[in-house]
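Trainee: got a predicted structure plus its sequence, pasted below:
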Amino acid sequence: MTKPTSEVERVEKASLAELGDVHIDDVYQHMDWTLKQRATPMELYYRWEKQNWSTQDLDFSADAIHWASMIEDFQGIRDELQHTFTLFFIGEQAVTDTLSPLVHAAPDEPARIFLSTQLVDEARHAVFFSRFFEEVVGIKGGLAAALAALESQKVAGFRTIFDTDLVAATEAVREDPHDYGKWVEGITIYHLIVEGMLALTGQKFLLETLREMGILPGFYAGFTAVARDESRHVNFGVRALMEAAIRDPSHLDRLEGVIRRLLEPACRIVVAPDRRYGIRPQETPPNLRIDPHDVRDFSLHSLTKRLRVVGCSKEFCDEINDLGRSYYEADWAEYEQLHGEEHPYRFFRLHASSV
């Protein structure tokens, strides 16, 4: 086993309070180190024991002040942040509601034990967002009321993956828990698409923005804790799928079929062409601008990096990368057609070509 770096050790041992000063890139460095170790489900379980945290320990008083003050000078950025918060909140509740069949159908006891911790994590993440929305954003009435109020804000790609495919995959596992291939498909959706591509991408750019702005310290600490939890989940999924491919190569074909089917709506969630952005890059402070090309590249690299570890061929990974890039281009073009304005990617492409 290779010796972890100081950054990896810091993330490994950080308390909830200490996570408030951890950069998301260090969390991902820790995640990559764990990936290289091919951590077993029980090793990941022991990490869960050591890295547990409580939503009740977070103080959102400064966050509430910051959020209210953004109405004056940063309303457009505030709107974009709330949109991202909303998708994460709804997503956490969706996976909490649908994960249990994968726990029950796990192929062995270590996998079942670890997945039980993931179910607890997802519930904690939903409570974390519920507290934040009530105490900071101002959506009252508890978890059920907040989710009902936010339901209409789902974008089309989100509905496809979370409301249709995720529900169908886990329902198939519930109906036939002994069908290992169906379990493999469910793990692929959860751990590679939802967490290994979408969640990791959203976490990175959201936390980097908050760190740059120096705001929402309670949310920052809590969401960094969420990211560390997700890193355990993703590494479990990669290990489980790697073992499935070794057990029977046909499972790799099923996995690849899921990736091909859901890559387009996954890219669509990131771009959200059906939603008009509240602020243009020209109106955003330079240090807060997010280049859509960077988002695209990070999301596809996050996915293909894990596909390679699972056992997918270079040719398949290259195919997915090329397909993903074409989906992003199509979604950017659709945004312009729907809203009659340039997508922000043009600003960054023009800026890059003028340097």
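Mentor: Good, I have the coordinates. Numbers count the residues shown, from 1 in each chain.

Trainee: got any ranges where the stretch 101-250 of the chain has weak pLDDT?
Mentor: 141-155 (pLDDT under 70).

Trainee: recalculate using a threshold of 90.
Mentor: Applying pLDDT under 90 to the stretch 101-250 of the chain picks out residues 130, 138-160, 162-163.

Trainee: what residues does A68 make contact with?
Mentor: Neighbouring residues of A68 by CB atoms under 8 Å, 6 or more residues apart in numbering: there are none. Yep, even glycine has a C-beta here, placed from its N, CA and C like the rest.

Trainee: please apply the same query to F60.
Mentor: With CB under 8 Å, 6+ apart, F60 has these contacts: R131, F132, E135, V136, G218, F219.

Trainee: what strand or helix carries the first one?
Mentor: Under DSSP states H and E, the secondary-structure element containing R131 is helix 109-132.

Trainee: what is that helix packed up against?
Mentor: If you count contacts as 3 or more CB pairs under 8 Å, 6 or more residues apart in numbering; DSSP states H and E, helix 109-132 packs onto helix 41-50, helix 75-98, helix 100-104, helix 142-150, helix 217-247.

Trainee: distance from the chain centre to that helix, please.
Mentor: 14 Å (CA atoms, centre = their mean, to the nearest Å).

Trainee: how about that helix: buried residues?
Mentor: Across helix 109-132, burial judged by 16 or more other CB atoms under 10 Å covers 110-111, 113-118, 121-132.

Trainee: how about stretch 170-189?
Mentor: 170, 172-174, 180-189.

Trainee: between the residues you listed, which is nearest L307?
Mentor: Using CB to CB, T188 is the member of these that lies nearest L307, at 9.9 Å.

Trainee: gap between the spatially closest residue to that closest one that is not a sequence neighbour and T96?
Mentor: Nearest residue to T188 in three dimensions, chain neighbours excluded: V258, at 4.5 Å (CB to CB, 6 or more residues apart in numbering). Shown here: V258 relative to T96, a distance of 21 Å by CB to CB, to the nearest Å.

Trainee: ends of stretch 267-286, how far apart?
Mentor: 25 Å (CA to CA, to the nearest Å).

Trainee: before we move on, the earlier item: can you tell me what sits against the helix holding R131?
Mentor: So helix 109-132 is contacted by 40-42, 44-45, 48, 53, 55, 58, 60, 63, 85, 88-89, 92-93, 95-96, 99-100, 102-104, 106, 142-143, 146, 218-219, 222-223, 226, 229, 232-233, 236, 240 (CB under 8 Å, 6+ apart).

Trainee: show the buried residues in those residues.
Mentor: 40-41, 44-45, 48, 53, 55, 58, 60, 63, 85, 88-89, 92-93, 95-96, 99, 102-103, 106, 143, 146, 218-219, 222-223, 226, 229, 232-233, 236, 240.

Trainee: and the pLDDT for D97?
Mentor: Listed pLDDT for D97 reads 86.

Trainee: pull out the buried residues from stretch 80-89.
Mentor: Buried-residue list, stretch 80-89, by 16+ other CB under 10 Å: E80, L81, Q82, H83, F85, T86, L87, F88, F89.

Trainee: re the thing from before, please tabulate the contacts of F60 in JSON lines, including the columns distance to F347.
Mentor: Shown next, in JSON lines, are the contacts of F60 (distance: CB to CB, whole Å):
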{"residue": "R131", "distance to F347": "36"}
{"residue": "F132", "distance to F347": "31"}
{"residue": "E135", "distance to F347": "35"}
{"residue": "V136", "distance to F347": "30"}
{"residue": "G218", "distance to F347": "33"}
{"residue": "F219", "distance to F347": "28"}
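
Trainee: tell me the one of those residues nearest I290?
Mentor: Out of these, the member with the shortest distance to I290 (by CB to CB) is F219, at 17.9 Å.

Trainee: hang on, the closest one packs against E135?
Mentor: No - under the criterion of CB atoms under 8 Å, F219 makes no contact with E135, lying 10.2 Å away.

Trainee: contacting residues around R174?
Mentor: So R174 contacts P101, H104, A105 (CB under 8 Å, 6+ apart).
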